[in-house]
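[1] Have a look; sequence and predicted model below, questions after that.
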Amino acid sequence: MKMGIVGATGEVGRTMIKVLEERGHDFEELRLFSSKRSAGTKLSFNSKIIKAEELTEKSMEEGFDYLLFSAGKDVSRKFAPIAAKHGSTVIDNSSAFRMDPDIPLVVPEINADVLKDYHGIVANPNCSTIQLVLALNPLHAVYKLKHVVVTTMQAVSGSGRKGINELKDEITKSSDPVVYPRKIAYNCVPQIGAFKENGFSEEEMKMINETRKIMDCTCVVDATTVRVPVIYGHSESVYAEFERNFSLNEVIKVFNKAPSIKVWKDYPTAIEVFGSDLSHVGRLRISNDGKALMFWNVADNVRVGAATNAVKILEYFLRNG
Ligand SMILES: NC(=O)c1ccc[n+]([C@@H]2O[C@H](COP(=O)([O-])OP(=O)(O)OC[C@H]3O[C@@H](n4cnc5c(N)ncnc54)[C@H](OP(=O)(O)O)[C@@H]3O)[C@@H](O)[C@H]2O)c1
């Protein structure tokens, strides 16, 4: 099989390589692509050294069985359609195609069935959305979700290497912000992406629209997304109202049966879930008016929110021909 990773030298790309290795994959040919900047960088896969090569239109015309894209939306917009036109199935981590009605937006535990007999570009959802829908969907199946209000606390690795470097530079060199609109060191910034006319930020609109698309749900979603000075792991405070009655004991049983969810007796934190492929929940309680379930949700954003979900989509295709 001929396989490629675009953006292989980045936070998500490097983690994709690691996750593929951990899950026992091997390929006749694995090609790794980056920009010109990192071309020649040596990366290791299953003890073989592979040099990153510069991404070109010509390389995308070669025809790969599968390509995992993780190099930002501009790169995806330009190169993914070329690859798909030449027969490659593309699993794309960027926001470029997520809300295109003709492109499946997939979290395999929830809606892998939309991939049946599908070829072309598949979109991987936004990181903060994946961990949320992994927790909400099993509850939605039983109680029918009516309204969810979520506040996120998102790690700087969600912006890739440049986000991590900005936090470190502000701490060690007191440098001024470039990536984020305000200082991120020792601070919380309630803006991820530009604000839209309705007052919600781009990241908030991604969570709102993607949650409804993946869960095929007409529920109301409200989000406040906040960047915090954490390197890995997104945390979310969730308030969810349902059409049907529920009890805490039942909810815990539903969560315990769900794939990819771990229920904590107390609560998970970002540092504790680093390297995990699960979406972790804790602090389960019922709101004071008895209407809503409230909980705390944490996941490794680079794995659950990007690399592992993409590899699980790939595995669906490998299993189903
Ligand atoms: N980090 C997360 O938690 C997360 C979660 C979900 C989705 N995503 C999405 O995944 C994508 C990558 O994120 P990341 O965190 O891995 O970013 P990153 O650490 O900045 O890495 C970006 C990667 O893209 C490559 N690249 C950049 N411009 C390119 C170009 N013009 N041509 C070819 N390759 C190019 C970079 O190559 P060089 O090394 O040569 O610069 C690098 O390999 C983004 O679309 C992001 O929104 C990230």
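    Yep, it's here.

[2] Tell me the pLDDT of the residue nearest to Arg227 when sequence neighbours are not counted.
    Spatial nearest neighbour of Arg227, excluding adjacent residues (CB to CB, 6 or more residues apart in numbering): Val189 at 4.5 Å. The C-beta positions use only the backbone N, C-alpha and C, and glycine is treated the same way. For Val189, the pLDDT comes out at 98.

[3] per-domain residue ranges of the protein.
    2-124+306-319, 128-301 (automatic domain parsing).

[4] The first one and the ligand in contact?
    The reference is to domain 2-124+306-319. Yes - using CB under 6 Å from any ligand atom, domain 2-124+306-319 reaches the ligand at 7-13, 34-35, 37-38, 55, 70-73, 75, 93-94, 306.

[5] Now the buried members of the residues you listed.
    7-13, 34-35, 38, 55, 70-73, 75, 93-94, 306 (16 or more other CB atoms under 10 Å).

[6] In helices only, show me those.
    If you go by DSSP state H, these have Glu11, Val12, Gly13, Lys73, Val75 in helices.

[7] The first one against Arg161, yeah?
    Yes - in terms of CB atoms under 8 Å, Glu11 counts as a neighbour of Arg161; the distance is 5.8 Å.

[8] who touches the residue in the stretch 201-321 of the chain that the ligand sits nearest to in this structure?
    Closest contact between the stretch 201-321 of the chain and the ligand, by CB to the nearest ligand atom, is at Ala306 (3.6 Å). With contact set as CB atoms under 8 Å, 6 or more residues apart in numbering, Ala306 has these partners: Val12, Thr15, Met16, Ser70, Asn93, Asn124, Cys127.

[9] hmm, try it at 6 Å
    Residues counted as contacts of Ala306 (CB atoms under 6 Å, 6 or more residues apart in numbering) are Val12, Asn93, Cys127.

[10] So what's the predicted local confidence for the residue nearest to the last one when sequence neighbours are not counted?
    So that's Cys127. Spatial nearest neighbour of Cys127, excluding adjacent residues (CB to CB, 6+ apart): Gly305 at 2.6 Å. With respect to pLDDT, Gly305 has a value of 98.

[11] Verify the stated contact: Gly305 with Thr129.
    No - Gly305 is beyond contact range of Thr129, at 8.0 Å (criterion: CB atoms under 6 Å).

[12] who touches the residue nearest to Arg227 in this structure?
    The contact partners of Val189, by CB under 6 Å, 6+ apart, come to Tyr180, Arg182, Arg227.

[13] As TSV, those with distance to the ligand would be great.
    Output for the contacts of Val189, formatted as TSV (distance: CB to the nearest ligand atom, whole Å):
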residue	distance to the ligand
Tyr180	14
Arg182	20
Arg227	12
